[in-house]
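K.L.:
Pasting the sequence and the predicted coordinates here, then a few questions.
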Amino acid sequence: MAKESSQHKGHRQRMRARVEQYGLESLEPHEALEYVLYITNTRKDTNGLAHVLMDRFGDFAGVLDASEEDLLTVEGVGPSTARMLHLLPQIGRYYTQCAVNGKKCMKTTDQLAEYLMAQFAGTVQERALLAALDAAGMSADVTRIEFADVDEMAFLYQDRISVWLGTLNELEYKLKLAKHVLLNEDGKGCAATDTGKLDFTHISMSSTRKFTFAQGEPELPKQDSLPRFVKLKKVLAK
């Protein structure tokens, strides 16, 4: 094995000192990736490899979201490096869930946000919907979110009305319309005591199709696994 040059060794030492003093967030994305690659490349210059990976997969997140098979097609990436990079998002999610597990009572919005992010970490569609609900000013009334798959997205409003959205397409428009109906802003929407299923699955700005509301028990998409977003009222009551 080639001996590590003193110049490269000094660069690594400076990077490590910088991270130790200011944290990983002090680095540019390609520098952060270069630093992470030190884990499985103890003596190799990883700067060039970091740039190659960023160019191939778009950004830091894209590299970590890539499959092991795709990572292995990049020259300089071996099985250990591919496995390590692919595992990092899972490790982050596992850590976050463990860190918030056991917090029975959440007294601040920061604690609630921490809990929510642990539940939603790692799924693009879930994060997108959570952000959109927050932007629409609806997140406080959402008690559950369900994904049977990417084409069946829905949430439970105040534990009494399920709102079906379908896909993420035209999400902002669907949520704006849903809020209008749920708050009964024109007197033609849902009453404060209504229960049932509100369906915006096939709604779009260019479509003439209308939403439907079926009174009864709220119904959510069925899935084989447990929901990732639990009922907040039960959590907050503990």
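P.N.:
Here it is on my side, so go on.

K.L.:
Could I get the buried residue list for the longest strand along the chain?
P.N.:
When the chain is parsed with DSSP state E, its longest strand is strand 142-149. Applying a neighbour-count criterion of 16 or more other CB atoms under 10 Å, one finds 142, 143, 144, 145, 146, 147 buried in strand 142-149. For glycine as for every other residue, the C-beta is placed from the backbone atoms N, C-alpha and C.

K.L.:
and it, how far from the chain's centre?
P.N.:
For strand 142-149, the separation from the chain centroid amounts to 13 Å (computed by CA atoms, centre = their mean, to the nearest Å).

K.L.:
same thing with stretch 75-95?
P.N.:
On CA atoms, centre = their mean, the centre of stretch 75-95 falls 18 Å from the chain's centre.

K.L.:
Run through who's touching that stretch.
P.N.:
36-37, 39-41, 44, 48-49, 52-53, 63-68, 71-72, 118, 121-122 (CB atoms under 8 Å, 6 or more residues apart in numbering).

K.L.:
Now with 7 Å, please.
P.N.:
For stretch 75-95, the surrounding residues in contact (CB atoms under 7 Å, 6 or more residues apart in numbering) are 37, 39-41, 49, 63-65, 67-68, 71-72, 121-122.

K.L.:
thinking again about what came up before, give the other helices and strands that the longest strand of the chain contacts.
P.N.:
Contacting strand 142-149 under the criterion 3 or more CB pairs under 7 Å, 6 or more residues apart in numbering; DSSP states H and E are the following elements: helix 124-135, strand 152-157.

K.L.:
Buried deepest among the ones you listed, which one?
P.N.:
Mean neighbours per residue, mean count of other CB atoms under 10 Å, is largest over the helices and strands packed on strand 142-149 for strand 152-157, with a mean of 22.

K.L.:
What average pLDDT does the helix ranked longest in the chain get?
P.N.:
Scanning the chain for the helix with the most residues, using DSSP state H, yields helix 79-100. Averaged across helix 79-100, pLDDT comes to 83.

K.L.:
next one: stretch 138-150
P.N.:
In this model, stretch 138-150 has a mean pLDDT of 80.

K.L.:
do the same with stretch 16-36
P.N.:
89.

K.L.:
and that stretch, how far out from the chain's middle?
P.N.:
23 Å.

K.L.:
my guess is residue 145 contacts residue 157, does it?
P.N.:
No - between residue 145 and residue 157 there is no contact under CB atoms under 7 Å: 10.7 Å.

K.L.:
And the residue nearest to residue 186 when sequence neighbours are not counted, how close does it get to residue 31?
P.N.:
Spatially, and ignoring its direct neighbours in sequence, residue 186 is nearest to residue 180 (7.2 Å; CB to CB, 6 or more residues apart in numbering). Going from residue 180 to residue 31 by CB to CB, to the nearest Å gives 47 Å.
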